[in-house]
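**Student:** My questions concern the predicted model and sequence given below.
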Amino acid sequence: MSEQEQHQESPENNDDEGFDFTHVNSVARIALYDNLLSAPRVTEIQPAPTGEFIESLATNVYQQSQAAGGTIPYTVIREVSENFIHARFQEATVSILDHGCTIRFADQGPGIACKDRAQLPGFTSAIEPMKSYIRGVGSGLPIVKEYLDFTHGTISIEDNLGTGSVVTISANGSNPQLPKELEIDHVEEDEDAEYSEPSTPRYRIADENHEPAYNAQPAYAQPSAQYAPGFAAQPPMQAYQQAPQMAYAAPQQFAQPGYAPAAQQGYMQAPVQQPMGYPYGQQMQQQQPQIQPAPVDAQPIIASLSQREKDFLVIYLKEGVLGVSDVVKLTGAAQSSVHNTLKKLEGIGLLKMSGKKRMLTNLGIQVAQLL
């Protein structure tokens with residue numbers, strides 16, 4: 001038996017009992033390869049409390065792999081990232097290859113002696129201090145393997161050089177439906193999102209379970225213009241309320257030589273197609289009524305919204321077209337919380353997709369103007 005195998009066969013938790021798992025003191029590195037002919041772009045995940053460190057690592061890997069064109073979901077990336085805790089996060093290195101479709105997780109911990117059993121449910125070396133940050137029931141790599149088997153991807157576990165292990169996961173480049181038992185709500189990140197250090201939030205928003213008396217306002221300046229950039233100016237609600245109701249208006253008569261159209265009771269009379277030469281075309285253009293959007297009673301909708309949802313609508317009114325990452329930067333809110341809130345607003349017809357981002361619908365603009 002080799003020296004490395006002897007080290008791997010020894011009980012993993014001999015030295016772990018006295019180890020402080022509450023804080024990660026080492027730096028993890030993410031290497032994003034455009035191709036193997038050039039050096040990768042390297043992102044460093046700085047030391048942090050363990051829960052925050054795992055979240056930051058998994059989120060950055062997910063975002064960068066998706067931006068490169070990969071389809072591996074956050075669930076899978078998170079499960080393998082959590083596995084670094086068994087190596088005490090020693091020299092954790094993640095390599096993103098094949099346009100995001102292959103991700104390699106390497107460490108210099110004690111390694112994985114029984115590689116086949118590590119992919120079966122129930123086999124685990126987790127000890128009690130680890131279970132504050134991972135489930136610790138031997139389900140992580142089995143979940144990853146189940147997903148990759150379902151999507152015709154692959155997982156491999158190998159020994160690292162010297163010591164430690166290397167877990168490589170690869171997708172086939174498609175975007176299959178995730179099995180229900182593996183689904184979680186996570187961020188639909190913008191395809192062209194830039195990854196920068198977090199900045200000071202520009203807006204204050206309500207907590208998820210709290211409704212303060214203020215609406216979202218910029219933290220440093222006066223409220224911006226009434227209408228969001230990128231939208232045509234919308235008439236105020238009074239204009240909608242004063243607009244004539246056209247649904248049951250009397251038929252519009254047009255002067256046409258030798259022809260008297262028959263009116264249909266209770267319906268708008270459609271104008272008859274006429275040659276557009278002078279004077280008929282000009283006469284029709286002058287006399288054709290302008291139909292205004294029907295007014296909407298927005299108060300029931302407003303009453304059903306939480307303060308945070310109202311705050312988000314105001315932000316969209318001021319800022320225009322925004323993606324999840326944009327809202328996170330503007331508010332400092334958690335990505336998963338922003339994603340779920342935007343999905344709800346989209347579901348009730350106040351937001352709509354615009355490419356990879358979202359914008360207010362006409363109804364959303366009406367509601368936001370009343371907040």
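**Tutor:** Nice, thanks for sending it over.
**Student:** and residue 116, how many neighbours does it have?
**Tutor:** By other Cβ atoms under 10 Å, 9 other residues sit near residue 116. All C-beta spots, glycine's among them, are computed from the backbone N, C-alpha and C.
**Student:** how close does it sit to residue 73?
**Tutor:** Distance of residue 116 to residue 73, computed by Cβ to Cβ, to the nearest Å: 24 Å.
**Student:** Can you show me the helices along the stretch 51-200 of the chain?
**Tutor:** All helices of the stretch 51-200 of the chain, identified by DSSP state H, counting those that start in this stretch, fall at 74-82, 140-150.
**Student:** Compare those and give me the one nearest residue 339.
**Tutor:** Nearest to residue 339, of all these, is helix 74-82, at 10.7 Å by Cβ to Cβ.
**Student:** Point out the other helices and strands that that closest one packs with.
**Tutor:** Secondary-structure packing of helix 74-82 (3 or more Cβ pairs under 8 Å, 6 or more residues apart in numbering; DSSP states H and E): helix 50-67, strand 102-106, helix 140-150, strand 165-170.
**Student:** follow-up on the earlier one: which stretch among the helices of the stretch 51-200 of the chain comes nearest residue 89?
**Tutor:** Closest approach to residue 89 among the helices of the stretch 51-200 of the chain (Cβ to Cβ): helix 74-82, 9.9 Å.
**Student:** Alpha carbons of that closest one, as CSV, please.
**Tutor:** Presented in CSV, the C-alpha positions along helix 74-82 are these (Å, rounded to 0.1, in the frame of the first residue of the first chain):
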residue,chain,number,x,y,z
TYR,A,74,-26.3,25.9,-8.5
THR,A,75,-27.5,22.8,-6.5
VAL,A,76,-24.8,20.6,-7.9
ILE,A,77,-22.0,23.2,-7.6
ARG,A,78,-23.1,23.9,-4.0
GLU,A,79,-23.0,20.2,-3.0
VAL,A,80,-19.4,19.8,-4.3
SER,A,81,-18.3,23.1,-2.8
GLU,A,82,-19.5,22.0,0.6
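**Student:** quick one: it to strand 165-170, angle?
**Tutor:** Computed by axes from the mean of the first three to the mean of the last three Cα atoms, to 10 degrees, the angle separating helix 74-82 from strand 165-170 equals 170 degrees.
**Student:** for the helices and strands packed on helix 74-82, which one sits closest to residue 336?
**Tutor:** Going by Cβ to Cβ, the one of the helices and strands packed on helix 74-82 nearest residue 336 is helix 50-67, 9.7 Å.
**Student:** Need the mean per-residue confidence for the closest one.
**Tutor:** Mean per-residue pLDDT for helix 50-67: 94.
**Student:** returning to what we had before: could you save the helices and strands packed on helix 74-82 as a markdown table and add columns showing distance to residue 352?
**Tutor:** What follows is the helices and strands packed on helix 74-82, written out as a markdown table (distance: least, Cβ to Cβ, whole Å):
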| stretch | distance to residue 352 |
| --- | --- |
| helix 50-67 | 22 |
| strand 102-106 | 33 |
| helix 140-150 | 31 |
| strand 165-170 | 34 |
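**Student:** Output these in CSV, with mean neighbour count appended to each entry.
**Tutor:** Formatted as CSV, the helices and strands packed on helix 74-82 follow (neighbours: other Cβ atoms under 10 Å):
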stretch, mean neighbour count
helix 50-67, 21
strand 102-106, 22
helix 140-150, 20
strand 165-170, 21
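**Student:** who wins for proximity to residue 334 among those?
**Tutor:** Closest to residue 334 of the helices and strands packed on helix 74-82, according to Cβ to Cβ: helix 50-67, at 9.4 Å.
**Student:** What are the contacting residues of that closest one?
**Tutor:** Residues outside helix 50-67 that contact it (Cβ atoms under 8 Å, 6 or more residues apart in numbering) are 21-24, 28, 30, 32, 43, 45, 47-48, 72-74, 77-78, 81-82, 84-85, 89, 92, 94, 96, 100, 103, 132-133, 186-187, 189, 191-193, 195, 335.
**Student:** what sits against the closest residue to residue 100 other than its chain neighbours?
**Tutor:** The spatially closest residue to residue 100, leaving aside those adjacent along the chain, is residue 70, at 2.3 Å (Cβ to Cβ, 6 or more residues apart in numbering). The contact partners of residue 70, taken as Cβ under 8 Å, 6+ apart, are 96, 98-101, 103, 171.
**Student:** Make a markdown table out of the residues you listed and add pLDDT and distance to residue 331.
**Tutor:** A markdown table is the format used below for the contacts of residue 70 (pLDDT from 0 to 100; distance: Cβ to Cβ, whole Å):
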| residue | pLDDT | distance to residue 331 |
| --- | --- | --- |
| 96 | 96 | 28 |
| 98 | 92 | 34 |
| 99 | 91 | 31 |
| 100 | 93 | 27 |
| 101 | 93 | 32 |
| 103 | 96 | 29 |
| 171 | 89 | 32 |
